[in-house]
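Novice: test case, fold it:
(chains A and B, ligands or ions: 3)
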Amino acid sequence: MPLPKDPTLIYTSKAEVARAPVIRSLLSRADEPLFVVGPRAVEDDEWRDRVAQLIRRFRAGAVCTAPYGGDDLGRKMGMVELATLLQRDAPVLGSNPDVVVLTGSRTDVTDRVLQSLRHARPDLVKISLNPEYCPSADYSLPTMDMDDFLRELEELLKA
Amino acid sequence: MARFKLDFEGIKIEIGSVESFEPEGEGPHPCPSLSDLKDWDRRLFSRYRIAAFPVCDMCCLCTFGRCNLAEGRRGACGIDLRANVARMTTIKTCIGAACHTSHARHLIEYILENVGDVEIDLGPEIDVKMPIFETLLGFEPETISDLEKGLEYIERELTKILASAHMGQESDPHDYESKALHAGMLDNLALELADVAQIVAFDMPKGESPLVEFGPFAADDSKPCILLIGHNVAPGTEVLDYLEERGLDEEVEVLGICCTAWDASRVEKRAKVIGPLSRQLHYVRMGIADVIILDEQCVRADIVEEAKEVGSRVITTRDVLMGGLRDVTDEPADKIVEKMASGEWMAVYIEDLEKAAKVAVEVALRVHEERKKEVPRPDPDEIKGHAERCLECGDCERVCPNDLPIVEAMRKAREGDLEDLAELFYRCVGCARCESECPARIPVMRIIEDAWRLNVRRERYKVRTGRGPIKDVEIRQVGGPIVMGDIPGVVAFVACPNYPDDIREIGRMVEELLERNYIVLTSGCTAMALGYYTDEEGRTLYEKYEDRFDAGCLVNTGSCISNAHILGACIKIAAIFAKKPLKGNFKEIADYIINRIGACGVLWGAMSQKALAISTGFTRWGIPIVYGPAGLNYQTLYIGDLDGDWTVYDARTGEKREEHCPIHLKYAAEDWREALVQAVKLCIRPNDTPQGRQTKLQNYVELYKKFYNELPPDLPLYVRDENDIPLTLKDEIMEYLEEVGWEPREPISEPTLLEENARG
Ligand code: SF4
Ligand code: SF4
Ligand code: SF4
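Specialist: Numbering: from 1, shown residues only, chains lettered A, B, ... in the order given. Ligands and ions are numbered 1, 2, ... in the order given. Got it, this is the predicted structure:
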């Protein structure tokens, strides 16, 4: 895109639209991936089930930010508590993640948290795994309907 | 300058009450300036990290810009993003504080002119009348004119804070955030000035409040209706007076939306509260009002146009909200009535409130019969027709702040099933963004409301109107149990209705806490939202729980400005129960609150800059805040940092100990259950007795287990020794604590953060 004539570079970066193969490769190459699972994923059986599988598949750490009775979505912690740790590169669950995947939080919360990390932690790879495009991530799925989104998660699970 | 005052019969001599502003009170810091309290703020920030959640990467405050501050860049003036985010928090907090201050100034000047220099008397049961004023100004005000000293102090400090936001001034995020705290504290004083002034001048309730009718169907629309929208009760009092003078009390309905509704109902019980801010557009479009009087704050910018659509006449009354309307203040009232009744003037600005009231009443009487015929009624076929035009593009959902499933509801409505559409009403915040965005020009919000109207029973609910202050006798009774922790906490549900989901979630949180013996306080639009939460017999929590400042009771203090009494109650505990001197003694009082009074504020739907100012002020006094998810858009939160300095001194021995409570000072929760658990946790204080800590932990653990099905992982922070563990949970908790290597520690007997207060 040609840049407009302006004394300052005013256009901040936007997330690269990524589909399952790209996200799979990012997660496969990560040393310490971390899944952050929000209420929408917890409350939707199919979404939740696929995320639980993804956590196992990529041997990822996981934090569940939503009220949830199960124990397959990782340690429970409030989103802002987690975001504060990530912002200052403090250990989460005993390790320092290099890739973070947000899935199932409200769209506004996802955007705010990822935007804060974009400034505080440019080194951290930030992925939005939601049915809506999130501009503040480094990589985000495009906006799609729920059926397509679930299929995309299936795709991500493939070897 | 110390003030010297003598009163003889009929003669009053006053020396020292000079025109220009001079701090004149007693105590260590009367009228504290920015730098006087900076060390207290730094103490707070040594344990609470300022977590920034920027909304915008840009700054466009000066013509050097726009500057891109993203990812480590600096602006042309050298500022970085963290400092700029804190600067925006400061500016927004100033806007909020300025609103309450200008509101207070208008009320005080109006009262001095129209009612007189009334004595500040809150009745025989209230001696500590203005605890915030006394703590900050260092003296007790006696009459309304004394309150002007408070205004002058605020105006001096607010001007300085705003000046600090100019380019090339403050540069450090902590110093900016400290200024936001200062602005918030000033805001809290403005609340008290405004509310106490109106209580004494308009004879509002002083510590007890009646049940009043609530909801849009509380209005008797067979009568002419005047609808008040906003926050400043002065125009409403003039309307009520005019009706009484003319013997028209029974002929005309006076209704209110937002805080002016609470305050009008505090002046006259028959003024009806019809709904919170989120219902503003809905109810205006329902065409209930013959005349709408706008005063100030949180009024939608499109109300004049919307009112015109349903034939409602509009009068704006305050110079902060003139609405671009013709100023007819100097025209004769009869002429204005004539022109408005004929429809030649549909909306006008009248600054003279007496005239505005007369015009409103006379116009309402004249236009009512004709207008009634024009008021639109919901029509299921029309809703279906709109739904048939839906393209299912989803643009409405994309812009909806609550991601409401509008497309699915449209699909069903097309088939004639309006239930989903009607249900959306309880989750809709009334922003109308869906309508602005819809390419098919479907009035989305309107048909949600119409579907609801077709489905809902014409119910009237009972709510308790604002009672103002907490009485000294109540403080005497509960001060001890609160400070010891036997009453597990005081939780205030306050502020705006920008709820992330069903408006009735507020009711769920409040009911759970009441069942658990918390003292629950409420105010503003949130106190109205509680009115929608009913049991099977249609009873609201106001009908089920007593109006006392006591365990398991529910108190509505009133409007936004009545939040002063929530903070005031905490200060009064320090003054009455602990006999702490208030005058000019901010730091010691805040230190007392943060260490001993298990209070917490929940602003589940916080939206306005005023809500930011109120809550930011509360945090400086040591009262933690939990916002809903929209709180992230305020851009800075104060989150406990376990690597920070959690030193608490024992004032008696000088010993140092670490106590991690309250663990956060400004938090945002994504889900109401998370907010509830946090609120309960944030009521834990270093001063809790073992018995008190047991009660608090019992609530925390039970709720955490209920929602998360496990023990809270941070229990070791709160269990000092085995005596703190609730008996019924002892085995389970001990097993967990042993597993994580917990070590017991001694509770602290007189906790303080102020090293200078530790005797040793
Ligand atoms: S105030 Fe500073 S950052 Fe903002 S536009 Fe001006 S130079 Fe840029
Ligand atoms: S008016 Fe209601 S439905 Fe429409 S965008 Fe706003 S919250 Fe969503
Ligand atoms: S924006 Fe309008 S057309 Fe598009 S889905 Fe919503 S209601 Fe239908």
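Novice: contacts, neighbours, all on C-alpha from now
Specialist: OK.
Novice: spit out the contact partners of the residue of the stretch 151-300 of chain B found nearest ligand 1.
Specialist: The stretch 151-300 of chain B approaches ligand 1 most closely through B:Met167 (4.5 Å), counting by C-alpha to the nearest ligand atom. For B:Met167, the contacting residues are B:61-62, B:77, by C-alpha atoms under 8 Å, 6 or more residues apart in numbering or on different chains.
Novice: let's see if you can find the most crowded of those residues.
Specialist: The residue in those with the most neighbours, by other C-alpha atoms under 10 Å in any protein chain shown, is B:Cys77 (14 neighbours).
Novice: did I read that right, it in a strand?
Specialist: No: according to DSSP: H, G, I helix; E, B strand; the rest coil, the state of B:Cys77 is coil, so it is not within a strand.
Novice: apart from its neighbours in sequence, what residue is nearest whichever residue of chain A sits closest to ligand 3?
Specialist: Here chain A gets closest to ligand 3 at one residue, A:Asp145, 13.0 Å apart by C-alpha to the nearest ligand atom. Nearest residue to A:Asp145, sequence neighbours excluded (C-alpha to C-alpha, 6 or more residues apart in numbering or on different chains): A:Pro131, at 6.4 Å.
Novice: so who does the one you found touch?
Specialist: A:141-146, A:149.
Novice: does it count as helix, strand or coil?
Specialist: coil.
Novice: next one: phi and psi at it?
Specialist: Main-chain torsions, A:Pro131, degrees, to the nearest 10: phi -70, psi 0.
Novice: same question for A:Val63.
Specialist: Dihedral angles (degrees, to the nearest 10) for A:Val63: phi -130, psi 130.
Novice: same check, this time on B:Ala492
Specialist: Dihedral angles (degrees, to the nearest 10) for B:Ala492: phi -110, psi 120.
Novice: ok, B:Pro497 next?
Specialist: Here is the backbone geometry of B:Pro497 (degrees, to the nearest 10): phi -100, psi 40.
Novice: from B:Ala180, how far out is the nearest residue to it once chain neighbours are set aside?
Specialist: In space, B:Pro497 comes closest to B:Gly605 once its chain neighbours are excluded; the distance is 4.6 Å by C-alpha to C-alpha, 6+ apart. To B:Ala180, B:Gly605 is 20 Å away according to C-alpha to C-alpha, to the nearest Å.
Novice: out of those two, which sits in the busier spot?
Specialist: B:Ala180 (29 against 26).
Novice: tell me the domain ranges of chain B?
Specialist: B:25-202, B:216-374, B:380-455, B:461-757 (automatic domain parsing).
Novice: for the first one, measure first residue to last.
Specialist: Distance between the boundary residues of domain B:25-202 (C-alpha to C-alpha) amounts to 28 Å.
Novice: from the chain's centre, how far out does that domain sit?
Specialist: 15 Å (C-alpha atoms, centre = their mean, to the nearest Å).
Novice: does stretch B:647-667 reach chain A?
Specialist: Yes: Stretch B:647-667 is in contact with chain A by C-alpha under 8 Å from any C-alpha of the partner chain, via B:Tyr667.
Novice: point me to the residue of the stretch 1-150 of chain B nearest ligand 2.
Specialist: Counting by C-alpha to the nearest ligand atom, the stretch 1-150 of chain B gets nearest ligand 2 through B:Val55, at 19.5 Å.
Novice: where does that residue sit: helix, strand or coil?
Specialist: What three-state DSSP gives for B:Val55 is coil.
Novice: which residues does B:Gly468 contact?
Specialist: B:195, B:199, B:204-208, B:556-558, B:562, B:565.
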